[in-house]
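S.K.: Fold the following for me, if possible:
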Amino acid sequence: MHQDSDIPLCVDLDGTLVRTDLLWESFLILLKSKPWTMIILPFLLIRGKAALKNWIALQVEVDVSVLPYHRSFLSYLKQQKRPLILATATHEKFAKQIANHLGIFHDTIASTKHLNLSGRKKLTVILEKYGHRFGYAGNALVDCKIWDKADEVIMVNAPAGLQKRYQDPVIFNDRTSPLTAIFKEMRVHQWAKNLLIFLPLLMSHNFLNSIYLLKSTLAFFAFSFCASSVYLLNDLLDLESDRHHSRKKRRPFASGDLSIPKGLFIIPILILISGWLAWQLPVSFQIILLIYLVLTTTYSFMLKSIALIDVIILGLLYTIRIIAGGNATGILNTNWLLAFSFFLFVSLAFVKRFSELKSMGLQENSQVKGRGYFIDDLEQIGLFGTASGYLSIMVLALYLNSDHAHDLYPNSQILWLLCPIFLYWISRVWLLVRRGHLIEDPVRFTISDLPTYIIFVVIIIILIFAKIPLGSMVLTSFFS
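M.R.: Numbers count the residues shown, from 1 in each chain. Reported below is the predicted structural model:
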């Protein structure tokens, strides 16, 4: 195959010009905005793929300005002096919007209400309009029908087997490892949240009980796989808003590193793994896990866009983990612990929103895309979050004065040291986020912050001395 600057170059769209598929993109927008229409899609598909694409295109809008374009290939196209034709199976509505946005194409041929322009049908139209001399850029096996007739073969992220099929094709390749993308999309670092499941075991002082420890471990992984499935769903539904975000646009789905069909395939697998692990635990834990799944899914579809409701739900989701840990082992959680965790994690949820608004404010956007907050809400959110964090310390102080604390800890007076420690940590988090030193994710910050680890060790030491009858004597002799 040879390159000829005089012949027109026909360019495929899905997987070639953009690192995604517009049919799947528009389907997800429809799923999020009008989920009840899903019952109609099978009947439309019976009428043919062209009818399905046309109906979905009439229902949704896609922001083509933030699509993950293949940068090096697009740069190559912009340097061409020959006619460029966007030849795609995507519906003509989206194809024309993309062509207008880029401004480099001389013509556009795409699917219509009655024609799904793919494979041999696309070849027929190309031959009718441009003759037998043309170049073609594609990425998939279906494009072989066109490459076989083309004078120039350009492959973009095509499988290695296809690249060997043709002599001297022009190749563009920026694919990343699917396993790496999946691992990143699962957000394994966020599994740290599920360590809260071990908190009832720790607070009950039964952490040396091997049976309890095994049950808590099973519960941890059940929640972790379940949470990862929801992260995938959440990122699929948030594609457009993530692409408007300076950091989130690099997520595997938003950037095109991981395809939408693969994500939709992985989600039920993760849920099945989670369900199998939960099956080994009490029914009460299984119910809590189901409630968590339903609540997080509802959050992804609608609740995350409602101001204040979203942070309350996030606080509940953290607290549910503690409840689940108790149900997995049969250890009863105290209302003190649940109240403390709720106010603390609502405060951290406000930290996340405050940081998002602050970063968007630097970009002069009036509203966070996909959220119910405006830049003008920044200071009020800071007040809400700080107040919630301090309420958690008040709950802790009330607990330390209760009979339950006195019965559980022989030297409960030592526990009062926890109040200034938590006061320092919460105040420091809010000080850092206001200074712009904490970037959006308090969990990522917590697991990478050295002072937080030091504080955690100090808290453990305090709890040990409060529990050991000789603890107060040791401290007294140490400071005397």
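S.K.: Now do stretch 161-179, average pLDDT.
M.R.: Mean per-residue pLDDT for stretch 161-179: 87.
S.K.: Kindly report the same for stretch 462-470.
M.R.: 79.
S.K.: What ranges does this protein have for its strands?
M.R.: Secondary structure of the chain (DSSP state E): strands at 9-11, 84-91, 107-111, 135-138, 152-156, 170-172.
S.K.: For Gly382, which of these is the nearest?
M.R.: When those are compared by C-beta to C-beta, strand 84-91 sits nearest Gly382, at 44.1 Å. (Glycine included, C-beta is placed from N, CA and C.)
S.K.: coming back round to it: would TSV of the strands of the chain with mean neighbour count and distance to Phe350 be doable?
M.R.: Output for the strands of the chain, formatted as TSV (neighbours: other C-beta atoms under 10 Å; distance: least, C-beta to C-beta, whole Å):
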stretch	mean neighbour count	distance to Phe350
strand 9-11	26	46
strand 84-91	26	41
strand 107-111	21	46
strand 135-138	28	48
strand 152-156	25	43
strand 170-172	16	44
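S.K.: so Ser65 makes contact with Leu102?
M.R.: No: using C-beta atoms under 8 Å, Ser65 is not in contact with Leu102; the gap is 9.9 Å.
S.K.: Buried residues of stretch 205-221, list them for me.
M.R.: In terms of neighbour count (16 or more other C-beta atoms under 10 Å), stretch 205-221 has its buried residues at Tyr212, Lys215, Ser216, Leu218, Ala219, Phe220, Phe221.
S.K.: ok so, going back, redo the strands of the chain as TSV? Include distance to Asp21.
M.R.: Converted to TSV, the strands of the chain look like this (distance: least, C-beta to C-beta, whole Å):
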stretch	distance to Asp21
strand 9-11	15
strand 84-91	8
strand 107-111	13
strand 135-138	13
strand 152-156	14
strand 170-172	18
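S.K.: Now Lys184: closest residue in space that isn't a chain neighbour?
M.R.: Pro252 (5.6 Å; C-beta to C-beta, 6 or more residues apart in numbering).
S.K.: Of all the strands of the chain, which one comes closest to Leu398?
M.R.: Relative to Leu398, the nearest member of the strands of the chain by C-beta to C-beta is strand 84-91, separated by 60.3 Å.
S.K.: now the angle from the closest one to strand 107-111?
M.R.: Strand 84-91 and strand 107-111 are oriented at 20 degrees to each other (axes from the mean of the first three to the mean of the last three C-alpha atoms, to 10 degrees).
S.K.: got the contact list for strand 84-91?
M.R.: Residues from elsewhere that reach strand 84-91, judged by C-beta atoms under 8 Å, 6 or more residues apart in numbering: 8-14, 17, 22-23, 26, 53-54, 56-57, 77, 95, 98-99, 104-112, 116-118, 122, 125-126, 130, 136.
S.K.: Inside helices: which ones of those residues?
M.R.: 22-23, 26, 53-54, 56-57, 77, 95, 98-99, 122, 125-126, 130 (DSSP state H).
S.K.: returning to what we had before: among the buried residues of stretch 205-221, which pair sits farthest apart?
M.R.: Counting by C-beta to C-beta, the most remote pair of the buried residues of stretch 205-221 is Tyr212 and Phe221, 15.5 Å apart.
S.K.: out of the strands of the chain, nearest to Tyr390?
M.R.: strand 84-91 (52.9 Å).
S.K.: Show me what Ser111 bridges to in the sheet.
M.R.: Beta-bridge partners for Ser111, by DSSP bridges, are His91.
S.K.: Just give me the closest of the buried residues of stretch 205-221 to Pro451.
M.R.: Nearest to Pro451 among the buried residues of stretch 205-221, with distances taken as C-beta to C-beta, is Phe220, at 25.5 Å.
S.K.: got the contact list for the closest one?
M.R.: Per C-beta under 8 Å, 6+ apart, neighbours of Phe220: Trp191, Asn194, Leu195, Ile197, Phe198.
S.K.: If we use 10 Å, what do you get?
M.R.: Trp191, Asn194, Leu195, Leu196, Ile197, Phe198, Leu277, Arg321, Ala324, Gly325, Ala328 (C-beta atoms under 10 Å, 6 or more residues apart in numbering).
S.K.: Give me the subset of those that lies in helices.
M.R.: Leu277, Arg321, Ala324, Gly325, Ala328.
S.K.: now these in a markdown table, with distance to Thr37, pLDDT and neighbour count?
M.R.: As requested, the ones in helices among the contacts of Phe220 are arranged in a markdown table below (distance: C-beta to C-beta, whole Å; pLDDT from 0 to 100; neighbours: other C-beta atoms under 10 Å):
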| residue | distance to Thr37 | pLDDT | neighbour count |
| --- | --- | --- | --- |
| Leu277 | 34 | 97 | 20 |
| Arg321 | 34 | 95 | 24 |
| Ala324 | 34 | 95 | 30 |
| Gly325 | 39 | 93 | 29 |
| Ala328 | 39 | 94 | 31 |
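S.K.: what's the most distant pair in those residues?
M.R.: Among the ones in helices among the contacts of Phe220, Leu277 and Arg321 lie farthest apart (C-beta to C-beta), at 14.8 Å.
S.K.: residues touching Ala349, list them.
M.R.: 310-318, 384-385, 388, 442.
S.K.: no, scratch that, I was asking about Val458
M.R.: Counting by C-beta under 10 Å, 6+ apart, Val458 makes contact with Leu417, Leu418, Ile421.
S.K.: what's the spacing between it and Phe345?
M.R.: Separation of Val458 from Phe345 (C-beta to C-beta, to the nearest Å) stands at 21 Å.
S.K.: State the distance from the nearest residue to Ala140 once chain neighbours are set aside to Ser216.
M.R.: Leaving aside its chain neighbours, Ala140 sits nearest to Gly15 (6.2 Å; criterion: C-beta to C-beta, 6+ apart). According to C-beta to C-beta, Gly15 and Ser216 sit 44 Å apart.
S.K.: Just want to know which of Ser65 and Leu102 has more residues nearby.
M.R.: Shown here are Ser65 and Leu102; by other C-beta atoms under 10 Å, Leu102 has more neighbours (17 against 12).
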